[in-house]
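Engineer: Give the three-dimensional model of this entry:
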Amino acid sequence: MNGYGILYGVGTGPGDPELLTLKAVRVLGTVDRVYAARSSGNAHSVSYGIVRPHLRPGTQVTPLAFPMTRDQGALDAAWADNAARVLADLRAGLSVAFLTLGDPLTYSTFGYLLRTLRAMDPEVPAQVVPGITSYHAAAAAAGVVIAEGEETLAVVSGARGGQRLREAAQAADSFVVLKAYKQYADLTRTLDELGLRERAVLVSNCGHDAQTITPTPDPGADAPGYFSLVLARKA
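Structural biologist: Okay, the predicted model is just below:
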């Protein structure tokens, strides 16, 4: 295909290496280079730790730093720089995997990278290998049903507190609140306000050794860590 290699967006799941899909394992065993996203302030890539046993010996692994900021100028610069590195490989005919926790097209850095790449070169061949999301793994770990029958499921961010949850509660029956760590006190107060807290479950570090499952999250407790989400349901 025009001499390009292929870009694979590979979902590595929430953290448990056994939740990596068979297709992801197959693709990772064929690519020339792996790019592992990490935050600018962290040298470690969780997704690389998950896939490392499945890479061919000699596969080149390159970390790509993405800043954790709301400064759009800094974000645009990072996406452009990282996309240019990946594009150079693809134009050289290399097959490349870009790792992302969870699923590549759900709250993922991969979406930004792919959009930037295609703005630079619309001919870039790309395939997505879906991954198991954190909230599906969390529901399985907690043993709770997310939604049934005609119920509506809302997936919202808790990064700015409980406002998104309040808005979603007007229409949905069941809720996943991602990024529950940032505004934890406000989020749990909102769960209380909506009558959801008694049936809510906080799951932290799902699939990792430090996994915890906390029914009825306490507004007075310390804020949980980065890998935390809340599952809640009206009935």
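Engineer: Can you show me the strands along the chain?
Structural biologist: Using DSSP state E, the strands of the chain run over 7-11, 33-39, 60-66, 96-100, 126-129, 153-157, 174-178, 201-204, 212-215, 228-233.
Engineer: Ok, which of those strands comes nearest I50?
Structural biologist: Across those, I50 has its closest neighbour in strand 96-100 (8.0 Å, C-beta to C-beta). From N, CA and C alone the C-beta is placed, and that goes for glycine too.
Engineer: Could you dump the strands of the chain into CSV with mean pLDDT and distance to V144 added?
Structural biologist: Output for these, formatted as CSV (pLDDT from 0 to 100; distance: least, C-beta to C-beta, whole Å):
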stretch, mean pLDDT, distance to V144
strand 7-11, 98, 22
strand 33-39, 86, 29
strand 60-66, 88, 32
strand 96-100, 96, 25
strand 126-129, 98, 27
strand 153-157, 96, 13
strand 174-178, 97, 10
strand 201-204, 97, 6
strand 212-215, 96, 9
strand 228-233, 97, 6
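Engineer: I figured K234 was touching A168, is that so?
Structural biologist: No - if you go by C-beta atoms under 8 Å, K234 and A168 don't touch, sitting 11.1 Å apart.
Engineer: Tell me which of these two has more neighbours.
Structural biologist: Relative neighbour count places A168 above the other of K234 and A168, with 20 against 13, counting by other C-beta atoms under 10 Å.
Engineer: got the contact list for A159?
Structural biologist: K179, K182, Q183 (C-beta atoms under 8 Å, 6 or more residues apart in numbering).
Engineer: The residues you listed, buried ones only, as a PyMOL selection?
Structural biologist: A single PyMOL command selects the buried members of the contacts of A159 (16 or more other C-beta atoms under 10 Å):
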select buried, resi 179+183
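Engineer: can you pull out the helices in the chain?
Structural biologist: Using DSSP state H, the helices of the chain run over 22-28, 46-51, 72-91, 109-120, 134-142, 163-169, 184-193.
Engineer: Could you count how many residues lie near D186?
Structural biologist: 16.
Engineer: Where does the prediction get shaky in this protein?
Structural biologist: 1-2, 39-43 (pLDDT under 70).
Engineer: ok so, going back, touching both of K234 and A168, which residues are there?
Structural biologist: Counting by C-beta under 8 Å, 6+ apart, K234 and A168 have no contacts in common.
Engineer: circling back to that earlier point, let me have the strands of the chain in JSON lines, adding distance to L22 and mean neighbour count as columns.
Structural biologist: Output for those, formatted as JSON lines (distance: least, C-beta to C-beta, whole Å; neighbours: other C-beta atoms under 10 Å):
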{"stretch": "strand 7-11", "distance to L22": "12", "mean neighbour count": "26"}
{"stretch": "strand 33-39", "distance to L22": "18", "mean neighbour count": "21"}
{"stretch": "strand 60-66", "distance to L22": "21", "mean neighbour count": "16"}
{"stretch": "strand 96-100", "distance to L22": "15", "mean neighbour count": "26"}
{"stretch": "strand 126-129", "distance to L22": "10", "mean neighbour count": "18"}
{"stretch": "strand 153-157", "distance to L22": "26", "mean neighbour count": "18"}
{"stretch": "strand 174-178", "distance to L22": "26", "mean neighbour count": "24"}
{"stretch": "strand 201-204", "distance to L22": "25", "mean neighbour count": "24"}
{"stretch": "strand 212-215", "distance to L22": "27", "mean neighbour count": "14"}
{"stretch": "strand 228-233", "distance to L22": "26", "mean neighbour count": "24"}
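Engineer: If anything else comes up later, I'll come back, but that's it for now.
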